[in-house]
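> What follows is a predicted protein model with its sequence.
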Amino acid sequence: MSRDPVELEVFKHLFHAIAEEMGAALRRTAFSPNIKERRDYSCAVFDGQGNVLAMGDHMPVHLGSMPMSVHAALTQLDLAPGDVAMLNDPFQGGTHLPDITVVAPVFINLRRGHARQAAPDFYVAARAHHADVGGAYPGSMGPCREIYQEGFRIPPVKIVRGGHVDGDVLALLLSNVRTPDEREGDLRAQLAACRRYTLRRVRAAATDLLRYAEEIMRTFLATVPAGSYAAEDFLDDDGSGGGPVKIAVRITVSKPSRRALGRAADVVIDFSGSSPQVEGSVNAVEAITYSACFYVFRCLLREDVPATSGIMRPVRLVIPSGTVVNAVAPAAVAGGNVETSQRIVDVLLKAIAQALPERVPAASSGTMNNFTVGGMDERSGAPVPFAYYETIAGGSGASSAHDGVSGTHTHMTNSLNTPAEALEYAYPFRVTRYALRQGSGGEGQHRGGDGIVREIEVMTDASVTILSDRRKLRPYGLSGGQEGAAGKTSVIRQDGSREHVPGKSSTRLRKGERMLVETPGGGGWGNPTKPFSF
């Protein structure tokens with residue numbers, strides 16, 4: 001049957017609009033600033049087999065890995081009308097424990113009077129980063145060595161049965177977190193985002209969208225010179241005393257055929273040679289590595305290409321089990337989601353730049369600069385537990401066409417910084433400095449973007465955790481461009497003294513003390529001594 005290009009375009013935007021509206025509903029009804037202000041959430045639409053059909057313009061680190069969570073829910077649970085699954089287990093399709101995913105089935109032709117039909121026609125899913133899910137450190141992002149220390153681990157379970165929230169499951173979760181009211185509010189916002197939507201007359205269009213994305217990817221691959229392109233990059237350390245952590249990749253591109261649908265992969269991405277999984281929390285699970293690969297290859301295509309599973313059909317991944325890019329339980333993984341994902345992107349782009357030097361930018365800041373604070377808020381007179389989480393932006397890498405952007409979230413994070421006004425209203429903090437870090441971008445024909453300086457004073461005693469990277473090894477430049485500046489973190493004590501804080505550590509601040517985070521700049525592109533050409 002011939003494909004109707006007009007109808008295909010209509011359904012592409014329809015699916016995307018549904019995912020976007022899900023996100024808007026989640027953002028509007030959430031409780032925490034992390035979701036309402038920073039937009040640390042993602043929503044997507046899947047077909048009846050769990051293939052992703054559309055993603056909202058949300059967080060890449062969530063979206064590429066979400067299909068594995070949906071698959072885990074589908075294979076382990078029998079989802080009837082009105083049911084919703086919930087999970088966060090990194091070893092069953094999740095990323096790290098603060099990211100809780102809910103998955104809801106969509107039944108289109110359910111007849112009145114019948115309790116169920118054979119199988120759902122579609123699925124919708126929403127993932128959100130919860131500011132605390134228990135564990136040893138407030139914010140659940142501390143320097144742990146086992147996943148058991150990182151928080152409450154949820155296998156695929158039904159949080160909603162027949163349209164009613166399972167009170168026992170909810171109580172079990174809320175009893176293991178520091179901020180149960182906020183967690184319940186955010187979780188119910190996720191459920192509301194998934195409950196609102198049904199779809200009609202779309203199965204054929206869904207299949208076409210998957211094939212369309214595959215065709216576009218194969219057409220693009222035909223423009224990439226065949227060959228093998230290897231690169232490696234490193235995380236500073238694992239946060240538990242281990243030295244640099246290597247991520248190695250070899251991308252092999254074979255000569256594809258535009259008629260090769262359903263045949264062997266045109267690209268093999270092999271992570272053999274990467275470090276074994278480590279003691280610290282920078283281990284990434286398979287879903288994270290897949291997500292980073294999906295993101296990078298999606299970025300190489302036109303912006304209007306539908307973000308479906310079809311993009312990855314020409315790609316085969318080799319991700320050795322037991323390595324830092326495919327860790328096995330009981331490895332700690334909180335940092336794998338936020339830090340190792342960024343380095344996987346860096347090393348993939350570094351390899352692809354050998355084949356497409358004019359298409360690939362230099363390294364961006366390469367870290368999400370995860371900042372978590374927890375303690376007791378005494379502003380109302382009665383102490384109330386709080387836990388706050390944010391990521392802090394840096395500089396993006398320059399490209400052959402333009403300078404990098406300063407003070408922006410890059411690659412696997414697509415969130416926003418929390419505005420100072422919202423932060424100071426919701427928490428016992430004061431933002432004492434918030435500015436661009438001048439001169440931190442790498443020099444080049446095109447200069448890397450500058451990082452950020454963010455200084456926060458706590459108005460109560462608090463536990464503060466920083467989970468970051470690029471504190472020792474700087475973001476690389478390309479084509480002769482220079483590296484961006486490494487990041488720095490300091491504590492300013494009550495007596496004015498300043499203490500250096502390792503990139504992955506937790507410390508105790510007394511009332512009136514400050515944490516100063518200076519984020520990395522992006523790498524430069526092109527030899528800075530070479531004159532510009534027009």
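Okay, I see it.
> Nearest spatial neighbour of Cys194, chain-adjacent residues omitted?
Closest residue in space to Cys194, ignoring its immediate chain neighbours: Ala104 at 3.9 Å, by Cβ to Cβ, 6 or more residues apart in numbering. From N, CA and C alone the C-beta is placed, and that goes for glycine too.
> Hmm, the one you found is touching Tyr123, no?
Yes - taking Cβ atoms under 8 Å as the definition, Ala104 is a contact partner of Tyr123 at 6.7 Å.
> sec struct for Pro67, please.
Assigned state for Pro67: helix (three-state reduction, DSSP: H, G, I helix; E, B strand; the rest coil).
> Give me the distance between it and Gly336.
Shown here: Pro67 relative to Gly336, a distance of 18 Å by Cβ to Cβ, to the nearest Å.
> Who has more neighbours out of these two?
More crowded of Pro67 and Gly336, by other Cβ atoms under 10 Å: Gly336, with 31 against 23.
> Dihedrals phi and psi, that one?
Here the main-chain torsion angles of Gly336 (degrees, to the nearest 10) amount to phi -60, psi -40.
> hey, where'd the strands end up in the stretch 201-350 of the chain?
227-235, 245-253, 267-270, 315-318 (DSSP state E, counting those that start in this stretch).
> These: which one's closest to Gly526?
Put simply, out of these the one that sits nearest Gly526 is strand 227-235, at 18.9 Å, with distance taken as Cβ to Cβ.
> how many neighbours does Leu356 have?
The criterion is other Cβ under 10 Å. On that basis, Leu356 has 14 neighbouring residues.
> Using the three-state scheme, assign it.
When the structure is split into helix, strand and coil by three-state DSSP, Leu356 lands in coil.
> Let me know whether it touches Val224 as I believe.
Yes - the pair formed by Leu356 and Val224 meets the contact definition of Cβ under 8 Å, at 6.6 Å.
> Using PDB, write down the CA coordinates of the helix or strand of the chain with the lowest mean pLDDT.
When the helices and strands of the chain are scored by mean pLDDT, DSSP states H and E, helix 60-63 comes last with a mean of 70. This file holds the C-alpha atoms of helix 60-63, laid out as PDB (Å, rounded to 0.1, in the frame of the first residue of the first chain):
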ATOM      1  CA  PRO A  60      17.300  13.500  25.800                       C
ATOM      2  CA  VAL A  61      18.700  11.400  28.700                       C
ATOM      3  CA  HIS A  62      15.100  10.400  29.500                       C
ATOM      4  CA  LEU A  63      13.700   9.900  26.100                       C
END
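> For Pro155, list the residues it contacts.
Residues touching Pro155, when contacts are defined by Cβ atoms under 8 Å, 6 or more residues apart in numbering, comprise 76, 87, 89, 92.
> same question, Pro60
291-292, 294-295, 411-414.
> now do Lys246
The neighbourhood of Lys246, defined by Cβ under 8 Å, 6+ apart, consists of 232-234, 273-275, 324.
> Kindly report the same for Leu349.
The contact partners of Leu349, by Cβ under 8 Å, 6+ apart, come to 296, 360-361, 363.
> just the strands in the stretch 1-150 of the chain please.
Using DSSP E, counting those that start in this stretch, the strands of the stretch 1-150 of the chain run over residues 41-47, 52-55, 84-87, 99-106, 122-129.
> mind listing what the last one pairs with, with the direction of each?
Here strand 122-129 is paired, per DSSP bridges, with strand 41-47 (antiparallel), strand 99-106 (antiparallel).
> so Ala307 sits right up against Asn51, yeah?
No - in this structure, Ala307 sits apart from Asn51 without contact. The criterion is Cβ under 8 Å, and the distance is 11.8 Å.
> So if I had to pick from those two, which one is more boxed in?
Set side by side, Ala307 and Asn51 show more neighbours around Ala307, with 26 against 19, by other Cβ under 10 Å.
> From the centroid of the protein, which residue is nearest?
Computing the C-alpha centroid of the chain and ranking residues by Cα atoms, centre = their mean puts Val61 first, at 2.3 Å.
> Which residues are in contact with that one?
Contacts for Val61 were tallied using Cβ under 8 Å, 6+ apart; they are 95, 288, 291-292, 295, 337-338, 341, 412-413.
> Turn the residues you listed into a markdown table, including pLDDT and distance to Arg127.
Output for the contacts of Val61, formatted as a markdown table (pLDDT from 0 to 100; distance: Cβ to Cβ, whole Å):
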| residue | pLDDT | distance to Arg127 |
| --- | --- | --- |
| Thr95 | 89 | 8 |
| Ile288 | 94 | 13 |
| Ser291 | 93 | 11 |
| Ala292 | 95 | 16 |
| Tyr295 | 93 | 15 |
| Asn337 | 92 | 11 |
| Val338 | 94 | 14 |
| Ser341 | 96 | 14 |
| Met412 | 91 | 13 |
| Thr413 | 87 | 13 |
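> ok, and the most crowded of those residues?
Within these, neighbour counts (other Cβ under 10 Å) peak at Asn337, which reaches 32 neighbours.
> Between all of the contacts of Pro60, which two are separated the most?
Using Cβ to Cβ, the contacts of Pro60 span at most 15.1 Å, a distance reached by Phe294 and Thr413.
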